[in-house]
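Peer 1: For reference, the sequence and a predicted model appear below.
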Amino acid sequence: MISTDEIADAVEEVWPAPEFREHQKETIINVLKKFYQDDVEVVTLSAPTGSGKSLIIYTVGKAMSYLNNDSTFSTTPLNTLIDQIEADEFLEDVTTIKGKNNYTCVNIADRGTPVDDAICQRKTDFSCELKDKYPSNGGCPYYGKKHLAQASDVMATNLSYIMANSMIPEQEDARFEPRKLLAIDETQSIEDFALQFIGFTVSQSRIPIDLERLPPLPEESDSMDKVVSWLKELMGMVVTKHNDLSSKNTLTTEENRNKEKLQRFYHRLQNFLQDYNSGKHWTKNHDEGKIKFEPVFIGRFIGKFLWSQADKILLSSATIPKGNFAEEIGIDDKRIAEVVVPSTFPKENRPVITGEMVGKMTQFERDETIPKMGDKIQTIADHHRGQKGFIHCHSYSIAERLYDNLDPIVKRRAMLQDEEDREQSLEDWMDSTKQIFFSVGMEEGISLDDRLARWQIVAKAAYPFTQDERVDYRLNELDDWSWYANQAAIDLQQAVGRGMRSKDDWCVTYLLDSSFKTLINRNKHLFEDYFLKAVDCETHLDVYKEPSKFTFTS
């Protein structure tokens with residue numbers, strides 16, 4: 001058994017920064033003790049914003065390599081978080097890797113083309129001498145980096161990449177071998193992400209074959225057995241088309257992309273047919289010429305595509321889901337331990353205000369609430385005039401209606417997120433003198449440091465959509481209301497965390513949907529303690545008034 005002193009020495013040896021933040025060293029030691037001394041298989045790391053999760057995860061992996069020559073997969077759902085690792089000055093020796101479409105070819109035959117469309121993908125007998133060279137030596141920016149990542153003791157990638165790795169045949173050298181540790185950051189997103197990876201949609205735009213050669217697309221009223229028969233016919237067409245493309249020596253860019261689409265669809269359809277035939281429950285949602293298929297429970301697939309690739313698992317998040325999360329993601333049969341990092345952010349600097357609620361934002365009450373909410377947004381924006389504010393809207397429909405309800409003068413101080421170019425519109429707002437940003441789907445993965453957000457508004461409690469067949473099945477067939485509330489609790493805590501990013505930062509969050517009162521009061525067990533301490537905590541908002549930095553056009 002590795003002793004505590006040996007673990008502590010290893011942590012000191014591999015720690016990359018000049019000094020430790022509060023709680024970092026003991027957290028890393030505690031995680032390593034759980035793995036090496038208590039022999040647990042899974043550690044959940046509840047680490048609030050400001051705890052330095054990336055450095056903690058990195059150091060756990062490096063210490064495991066130092067102590068026992070163990071290697072680590074470090075993963076996160078989003079490429080933006082991989083970019084943050086690449087940019088971190090203290091993580092220079094972490095090798096990151098993303099999908100081929102994120103890199104451009106350097107071969108003179110196809111220079112500048114995304115690697116997934118490059119000549120090595122389109123031409124069967126093309127041999128590239130740059131594939132085996134590291135990028136620093138002029139080699140391929142993707143394949144060269146992949147070789148580097150295969151040799152690295154800590155490799156960072158996104159969840160999609162590591163799940164796809166499990167589908168590569170073991171004999172192929174493109175596959176990453178299983179490692180000792182699989183660390184997953186932003187764990188609260190793993191169920192939704194796995195659904196995107198496993199679920200599939202049938203439509204003409206998603207499958208590059210002529211669906212008109214099949215019987216008509218099944219109707220919503222058709223039984224699942226009838227739909228499965230139709231899908232089996234579709235599978236045959238997919239295989240035939242894929243084989244036709246695979247037999248060609250050279251593919252056009254479009255043919256190459258179609259081949260990739262068919263291969264991804266084939267794997268998902270194959271998963272579905274095998275799983276459905278074994279008696280597992282799937283749902284189907286019909287929407288304007290397309291059908292979306294999803295399993296009700298996803299844990300068995302996460303086990304197959306993720307947990308199978310490591311002996312130990314580290315799950316980290318500022319909001320580790322509560323309730324039956326372990327069962328949801330398929331680790332309830334493993335030995336699990338919890339490590340909790342206390343928040344170092346004063347609650348007075350991150351108050352969550354519930355006293356400004358204006359009404360419910362349910363589907364049937366929204367029409368009455370939105371005009372009131374528009375007025376309240378204007379009042380809050382005027383109170384914080386000179387300070388940037390971020391509004392979490394849950395949907396583009398809500399965002400547009402709230403924006404349209406603003407007084408024309410206030411509207412000139414606001415910006416609406418661009419649905420077609422989300423990240424760029426956020427950057428444009430950050431660089432502008434506009435005060436208000438109406439956002440959708442930005443509860444995770446962004447940092448609104450310091451003056452980028454002195455106040456936030458959460459416009460709607462983000463409960464799952466009850467008209468979705470999967471949600472409906474869980475609520476009405478399984479009576480799983482705890483799962484339903486848990487999804488909204490996670491979303492709220494993540495949204496609140498966008499605005500305060502360091503110990504000396506501050507941000508006020510206003511909850512305007514009256515549904516939040518019920519969510520919090522009835523489900524305190526689903527929230528992190530540091531979040532509950534900030535709800536309506538004693539604070540003096542006047543202290544937070546700053547001299548105006550921005551000039552708004554009236």
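Peer 2: It's in.
Peer 1: where does the stretch 401-550 of the chain have low pLDDT?
Peer 2: The model of the stretch 401-550 of the chain has pLDDT under 70 over residues 540-550.
Peer 1: mind redoing it with 90?
Peer 2: Scanning the stretch 401-550 of the chain for pLDDT under 90 picks out the ranges 445, 503-504, 538-550.
Peer 1: Please enumerate the strands of it.
Peer 2: Using DSSP state E, counting those that start in this stretch, the strands found in the stretch 401-550 of the chain span residues 414-416, 436-439, 455-458, 508-511.
Peer 1: now these in CSV, with distance to S246 and mean neighbour count?
Peer 2: To be clear about C-beta, it is placed using only N, CA and C from the backbone, and glycine gets the same treatment. Formatted as CSV, those follow (distance: least, Cβ to Cβ, whole Å; neighbours: other Cβ atoms under 10 Å):
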stretch, distance to S246, mean neighbour count
strand 414-416, 45, 20
strand 436-439, 43, 26
strand 455-458, 49, 25
strand 508-511, 53, 25
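Peer 1: To E327, which of these lies closest?
Peer 2: When the strands of the stretch 401-550 of the chain are compared by Cβ to Cβ, strand 455-458 sits nearest E327, at 28.6 Å.
Peer 1: hang on, the earlier thing: among the strands of the stretch 401-550 of the chain, which comes closest to D367?
Peer 2: Nearest to D367, of all the strands of the stretch 401-550 of the chain, is strand 436-439, at 18.4 Å by Cβ to Cβ.
Peer 1: If you count contacts, what does that closest one end up packed against?
Peer 2: strand 389-392, helix 396-404, strand 414-416, helix 422-431 (3 or more Cβ pairs under 8 Å, 6 or more residues apart in numbering; DSSP states H and E).
Peer 1: now for the strands of the stretch 401-550 of the chain, which one comes closest to H242?
Peer 2: For H242, the closest of the strands of the stretch 401-550 of the chain is strand 436-439, at 39.4 Å, according to Cβ to Cβ.
Peer 1: and that closest one, which strands flank it?
Peer 2: When sheet partners are counted by DSSP bridges, strand 436-439 sits next to strand 389-392 (parallel), strand 414-416 (parallel).
Peer 1: got those as TSV, with distance to L32 columns?
Peer 2: Formatted as TSV, the strands paired with strand 436-439 follow (distance: least, Cβ to Cβ, whole Å):
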stretch	distance to L32
strand 389-392	37
strand 414-416	46
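Peer 1: which one of the ones you listed lies closest to I85?
Peer 2: strand 389-392 (24.1 Å).
Peer 1: Report the distance from that closest one to the chain centre.
Peer 2: Strand 389-392 sits 20 Å away from the centroid of its parent chain (Cα atoms, centre = their mean, to the nearest Å).
Peer 1: Quick check: next helix or strand after the host helix or strand of H147?
Peer 2: Element membership of H147 [criterion: DSSP states H and E] is helix 143-151. Reading on from helix 143-151 to the C-terminus, the next helix or strand found by DSSP H and E is strand 154-158.
Peer 1: Restricting to C-alpha, output that following strand in PDB.
Peer 2: What follows is strand 154-158, C-alpha atoms only, in PDB (Å, rounded to 0.1, in the frame of the first residue of the first chain):
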ATOM      1  CA  VAL A 154      -2.000  12.500 -19.000                       C
ATOM      2  CA  MET A 155      -4.100  13.000 -22.100                       C
ATOM      3  CA  ALA A 156      -7.000  15.400 -22.300                       C
ATOM      4  CA  THR A 157      -9.900  15.200 -24.800                       C
ATOM      5  CA  ASN A 158     -13.600  15.600 -25.100                       C
END
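Peer 1: Appreciated, that's everything.
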